[in-house]
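# structure for this input, please:
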Amino acid sequence: MSMSKSSYNYNRKGWEDAEFPILCETCLGPNPYLRMQKDTYGKECTICERPFTNFRWQPGKGARFKTTEVCQTCSKIKNICQTCLFDLEFGLPVQVRDHALKISDDLPRQGANRDFFVQNQERALAATDGTTPGGALATVGADHPGSEMLRRLARTGPYYKRNAPHICSFFVKGECKRGEECPYRHEKPSDPDDPLSQQNMRDRYYGAKDPVAEKILNRATALPSLQPPEDATITTLYVGNLGPAGTITEKDLNDYFYQYGDIRHLSLLPQKGCAFVNYTTRESAEMAAERSFNRAHIKNRKVTIRWGVPHAQRQAQSEYRVNPVPNLPTALPIPDELVPTKRGRMEFAPRDFMPPPAGPSGGILKVPRLAPPMGGYDQPGTSSSGYEGSSIYYPSQDPERLGAKGDVID
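Predicted coordinates:
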């Protein structure tokens, strides 16, 4: 057992002994039956440098062996996993959680101050039921406004890709001879200048200079927002993705949206899986749209929030709707021949056919007669364009347009 000199400053009674580690679902793996190796006082905590019981296991077939990195006391202070140091509730880095909850990390990081702080925290945690975190996180309530941001960024399920084996160093050199039996990945390593490859446990624990957290925070700033319409009289919100009829009732919607203001009318359409919530004031509608857009969960179901459009405006938009052409800098104008129909669709008005070309002497150019289409012509032997020999004139059938230079029979 390799320990630093600071470990001898502790009494052996203060060393940590545990029966099972504190792990997240990702580090635990998909297999419910695991074989763990337990080594009592077999490792030093990366943070407090105190000996603790180390656990080693393989979270699944083809995954690398994982081990605990920090002791349970340091894990409970931050409410994190002992292996990946991610938050146990949201599965996010400590820096992201502290930024959303506005927690300032003022923990002592070395010396006697750190040892004294850890001992006091261990004594305070022993007096609780074991589920309450310590430190500054214990003073944050579940209804904190930052919790909505964390729920929006949190993963809905475990991310087992984090358990993948490390890259084989012999494969990188071109000298690996084990082939498929090699327990490591045969992939090209990432760029050494990539900040994601320059992580350390202390920065992740204290929430400082974490490249993974900075990546997640940059993604959070780029999330779309719901802009209120210019018409100040609109106070209705559209609520979609309610699921089959009976999944979410009118009472469930009223209980959720009533917290933002007085509701004038609530209309539920079970067949279409949507509802319309009409507030009495515009301020209440804007508050509900801002706090529930991409955040609203009713009966563990994420619902869609949009601003409602008045029926007259929606009908006017549907009558003159033209599908945009992609990859164009500006929208094309509506053609003059495109007119609205009684059904609210846009159709082209009928136009006359292009007149047939004239022959060399001014007569009508004769073209070979094509086989009649299925159903025949309306008037066999005649042409809708008034010329002889063909039912309908097609410019692509003109011999001169096709490049013919021979004599034309008039």
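
# check contacts around residue 151.
The neighbours of residue 151, taking C-beta atoms under 8 Å, 6 or more residues apart in numbering as the test, are 90, 295, 297. All C-beta spots, glycine's among them, are computed from the backbone N, C-alpha and C.

# at 7 Å what do you get?
Neighbouring residues of residue 151 by C-beta atoms under 7 Å, 6 or more residues apart in numbering: residue 295.

# so how far is residue 286 from it?
As judged by C-beta to C-beta, to the nearest Å, residue 151 and residue 286 stand 21 Å apart.

# now residue 258
Taken as C-beta to C-beta, the span from residue 258 to residue 286 is 16 Å.

# higher neighbour count, the two?
residue 286 (18 against 15; other C-beta atoms under 10 Å).

# show residues contacting stretch 93-105.
Taking C-beta under 7 Å, 6+ apart as the rule, stretch 93-105 contacts 78, 80, 85-87, 90, 136-137, 140, 144, 146, 149-150, 153, 204-208, 210, 212-213, 216-217.

# confidence score at the nearest residue to residue 69 once chain neighbours are set aside?
Of all residues not flanking residue 69 in the chain, residue 46 sits nearest, at 5.2 Å (C-beta to C-beta, 6 or more residues apart in numbering). We note a pLDDT of 91 for residue 46 in this prediction.

# next up, the contacts around residue 46.
Residue 46 touches 69, 70, 201, 202, counting by C-beta under 7 Å, 6+ apart.

# what about 6 Å?
69, 70, 201 (C-beta atoms under 6 Å, 6 or more residues apart in numbering).

# which PyMOL command selects the buried ones in the residues you listed?
Under the burial definition 16 or more other C-beta atoms under 10 Å, those of the contacts of residue 46 that qualify are selected in PyMOL by:
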select buried, resi 69+70
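
# for the contacts of residue 46, give me a markdown table that also has pLDDT and distance to residue 221.
What follows is the contacts of residue 46, written out as a markdown table (pLDDT from 0 to 100; distance: C-beta to C-beta, whole Å):
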| residue | pLDDT | distance to residue 221 |
| --- | --- | --- |
| 69 | 94 | 30 |
| 70 | 93 | 30 |
| 201 | 88 | 27 |
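
# need the residue closest to the centroid of the chain.
residue 153 (8.1 Å; C-alpha atoms, centre = their mean).

# how about residue 55, nearest residue that isn't a chain neighbour?
Closest to residue 55 by C-beta to C-beta, 6+ apart is residue 21, at 4.6 Å.

# can I get stretch 82-96 as CSV, trimmed to CA atoms?
Provided in CSV are the C-alpha atoms of stretch 82-96 (Å, rounded to 0.1, in the frame of the first residue of the first chain):
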residue,chain,number,x,y,z
GLN,A,82,-16.7,8.1,-6.4
THR,A,83,-15.3,7.2,-9.8
CYS,A,84,-16.4,9.7,-12.5
LEU,A,85,-17.0,12.6,-10.1
PHE,A,86,-20.2,13.5,-11.8
ASP,A,87,-23.3,14.7,-9.9
LEU,A,88,-25.5,11.8,-8.8
GLU,A,89,-28.8,13.6,-9.4
PHE,A,90,-28.3,15.2,-12.8
GLY,A,91,-25.2,13.3,-14.2
LEU,A,92,-23.4,16.6,-14.9
PRO,A,93,-19.9,17.9,-14.0
VAL,A,94,-19.5,19.8,-10.7
GLN,A,95,-18.7,23.0,-12.5
VAL,A,96,-22.0,22.9,-14.5
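
# show me how far it is from its chain's centre.
Chain-centre distance of stretch 82-96: 19 Å, with C-alpha atoms, centre = their mean, to the nearest Å.

# got it, and stretch 79-93?
Using C-alpha atoms, centre = their mean, the offset of stretch 79-93 from its chain centre is 20 Å.

# can you name the next helix or strand after the host helix or strand of residue 114?
Assigned by DSSP states H and E, residue 114 belongs to helix 111-126. Reading on from helix 111-126 to the C-terminus, the next helix or strand found by DSSP H and E is helix 146-153.

# what's the mean pLDDT across that following helix?
So the average pLDDT for helix 146-153 ends up being 78.

# what comes up buried for the next helix or strand after it?
The first helix or strand that comes after helix 146-153 along the chain, using DSSP H and E, is helix 169-173. Going by neighbour count (16+ other C-beta under 10 Å), the buried part of helix 169-173 is residue 171.

# who touches helix 169-173?
So helix 169-173 is contacted by 176, 186, 189 (C-beta under 6 Å, 6+ apart).

# burial count for residue 37?
Applying other C-beta under 10 Å, I find that residue 37 has 12 neighbouring residues.

# now swap in the one 5 residues further on and tell me
Neighbouring residues of residue 42 were enumerated by other C-beta under 10 Å; the total is 17.

# give me the distance between the residue lying closest to residue 299 once chain neighbours are set aside and residue 254.
Excluding the flanking residues, the one nearest residue 299 by C-beta to C-beta, 6+ apart is residue 248, at 5.9 Å. Separation of residue 248 from residue 254 (C-beta to C-beta) stands at 11 Å.

# pLDDT on the strand or helix carrying residue 251, on average?
Counting by DSSP H and E, the element that carries residue 251 is helix 250-257. Across helix 250-257, the average pLDDT comes to 92.

# and it, what's buried?
252, 253, 256, 257.

# what are the ranges of the helices in the stretch 201-350 of the chain?
With helices called from DSSP state H, counting those that start in this stretch, the stretch 201-350 of the chain shows them at 201-206, 211-221, 250-257, 282-292, 311-319.

# where does the stretch 301-410 of the chain dip in pLDDT?
Residues of the stretch 301-410 of the chain meeting the criterion pLDDT under 70: 311-410.

# scratch that, the stretch 1-150 of the chain is what I was asking about
1-13, 130, 141-143, 145.

# what are the boundaries of the strands in it?
37-44, 51-57, 66-67 (DSSP state E, counting those that start in this stretch).

# pull the distance from the shortest one to the chain's centre.
In other words, strand 66-67. 29 Å.

# just checking: what are the partner strands of it?
Sheet pairing of strand 66-67 (DSSP bridges) gives strand 51-57 (antiparallel).
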